[in-house]
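# Fold the following for me, if possible:
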Amino acid sequence: MNRYTYYNSDLDAFELYHLEAEELLRTSTPSKPRIQPPDEYNAVIAGLSGAVGTSISNIAVYPIDLIVKRLQVQRAIQAQTTSENNDSTKNNEKEDELYKDFVDAAKRIYKEEGGIRAFYEGCLQDTANSMGSAFIYFLSYNFMRQRRLQANTPPSGRTPKTLGVFEELSIGVLSGAIAKFFTAPIANVVTRKQTAALRRVKTEDANATKIINQIYKEKGLRGFWSGYDATLILTLNPAITFFLYETLKSLLPRKYREKPTGGQTFLLAAISKAVASSIMYPISMAKARSQVQSKEKSKGKFAVLEVLKEAFKTGGIAGMYEGVFGEILKGFFSNGMKILGSLSW
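Presented below is the predicted three-dimensional model:
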């Protein structure tokens with residue numbers, strides 16, 4: 001694996017691609033020239049491969065993602081419901097309705113909503129969202145990367161195999177923004193399905209068609225892109241994770257800095273992911289809350305900032321990090337799957 005495999009959150013597909021690309025580079029034999037397919041063909045194959053790999057990873061960690069999403073939005077939904085219904089219920093009674101932590105949420109969802117099946121509410125749509133996002137990401141990333149490699153070809157005519165760190169990260173960020181723009185409507189539907197139980201929505205009213213109609217009725221066409229501004233900020237995750245990984249790697253004994261062991265690689269990548277996820281977690285929470293709000297509160301202002309202000313008002317600093325343990329746990333599981341996958345290759 002190379003230094004470009006250690007990324008986080010919304011750009012996990014970036015890691016999967018580079019694990020595969022590095023393996024292909026390592027096993028290819030330069031002494032035997034091969035007929036190279038067109039760049040457009042490579043981009044499509046990369047897109048399909050990434051979509052399949054991402055869907056498998058997504059399904060594996062989906063229950064954790066559902067719990068995290070509910071912890072992120074529960075206070076916002078409670079405040080919105082209270083305001084709409086003029087609810088005068090005492091504060092301590094309202095607090096009892098909230099999940100206390102990740103474990104409490106898992107227990108209550110299992111007990112109150114029908115067992116294991118409840119943890120996969122919206123999984124079909126989310127998997128479709130992940131596959132679509134990964135396909136568009138890989139397609140645009142591979143296409144732009146090939147163009148930049150060709151542009152950097154020296155007069156000798158030999159195309160370089162890699163780009164500089166800044167250029168790699170920049171292409172990754174732009175590809176992520178493009179992919180999320182096209183899949184944002186599905187992401188909004190998924191978040192509402194995941195949190196339907198918190199809003200006391202009946203099962204028959206939580207299907208995708210009714211949710212789409214509801215979003216359009218409440219916020220119009222623009223509502224399907226709620227939280228997209230937060231998504232753009234979250235594309236900084238790869239750069240943060242990369243910086244943390246390289247910093248931690250520099251602290252290893254000199255003989256391991258260039259080629260860390262498998263255990264060191266997993267630990268450094270996991271720690272980097274956990275710290276980066278914690279740094280960006282309030283933005284992730286703001287994205288989820290924007291998606292479940294019945295109305296846009298920003299009115300032309302910076303939406304993420306408005307949601308963060310509201311989150312701090314209702315829950316303080318602790319409220320802005322509600323569910324962060326689950327996000328870190330998801331990162332560890334996701335990272336472990338990638339490391340095991342790369343070892344099996």
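# going forward, measure contacts and count neighbours with C-alpha atoms only.
Will do.
# so how far is Thr195 from Ile215?
Distance check for Ile215 against Thr195: by C-alpha to C-alpha, to the nearest Å, it reads 14 Å.
# for the helix or strand that contains Phe243, which positions count as buried?
Phe243 belongs to helix 237-249 when assigned by DSSP states H and E. Across helix 237-249, burial judged by 16 or more other C-alpha atoms under 10 Å covers Asn237, Pro238, Ala239, Ile240, Thr241, Phe242, Phe243, Leu244, Tyr245, Glu246, Leu248, Lys249.
# Surely the second one touches Ile171?
No - if you go by C-alpha atoms under 8 Å, Pro238 and Ile171 don't touch, sitting 11.3 Å apart.
# Can you show me the helices along the stretch 201-345 of the chain?
Listed in chain order, the helices of the stretch 201-345 of the chain (DSSP state H, counting those that start in this stretch) span 208-219, 228-234, 237-249, 254-257, 262-292, 303-320, 324-344.
# To Phe119, which of those helices lies closest?
In terms of C-alpha to C-alpha, the element of the helices of the stretch 201-345 of the chain nearest to Phe119 is helix 324-344, at 13.8 Å.
# Spit out the contact partners of the closest residue to Lys249 other than its chain neighbours.
If you skip the residues right next to it in sequence, Lys249 has Arg257 as its closest partner in space, 5.9 Å away by C-alpha to C-alpha, 6 or more residues apart in numbering. If you count contacts by C-alpha atoms under 8 Å, 6 or more residues apart in numbering, Arg257 has them with Lys249, Ser250, Leu251.
# The first one and Leu267 touch, don't they?
No - contact criterion C-alpha under 8 Å: Lys249 and Leu267 do not qualify, at 10.3 Å.
# hang on, the earlier thing: packing partners of the helix holding Phe243?
Contacts of helix 237-249 with other secondary structure elements, assessed using 3 or more C-alpha pairs under 8 Å, 6 or more residues apart in numbering; DSSP states H and E, are made with helix 262-292.
# The helix it packs on - what's its average pLDDT?
In this model, helix 262-292 carries a mean pLDDT of 86.
# Packing partners of that helix?
Contacting helix 262-292 under the criterion 3+ C-alpha pairs under 8 Å, 6+ apart are the following elements: helix 39-85, helix 165-194, helix 228-234, helix 237-249, helix 303-320, helix 324-344.
# circling back to that earlier point, how far is the helix holding Phe243 from where the chain is centred?
Averaging C-alpha positions (C-alpha atoms, centre = their mean, to the nearest Å) puts helix 237-249 17 Å from its chain's average.
# Also stretch 310-319?
23 Å.
# try stretch 225-244
What separates the centre of stretch 225-244 from the centre of its chain is 9 Å, taken as C-alpha atoms, centre = their mean.
# Could I get the average pLDDT for that stretch?
Mean predicted confidence for stretch 225-244 is 85.
# Span of that stretch from start to end?
Using C-alpha to C-alpha, the two ends of stretch 225-244 sit 31 Å apart.
# Equivalent analysis for stretch 256-265, please.
10 Å.
# Now that stretch: buried residues?
Buried residues in stretch 256-265, counted by 16+ other C-alpha under 10 Å: Pro260, Thr265.
# The helices of the stretch 201-345 of the chain: which one's closest to Gln72?
Gln72 lies closest to helix 262-292 among those, at 5.3 Å (C-alpha to C-alpha).
# distance between the closest one and the chain's centre?
With C-alpha atoms, centre = their mean as the basis, the mean position of helix 262-292 lies at 9 Å from the chain mean.
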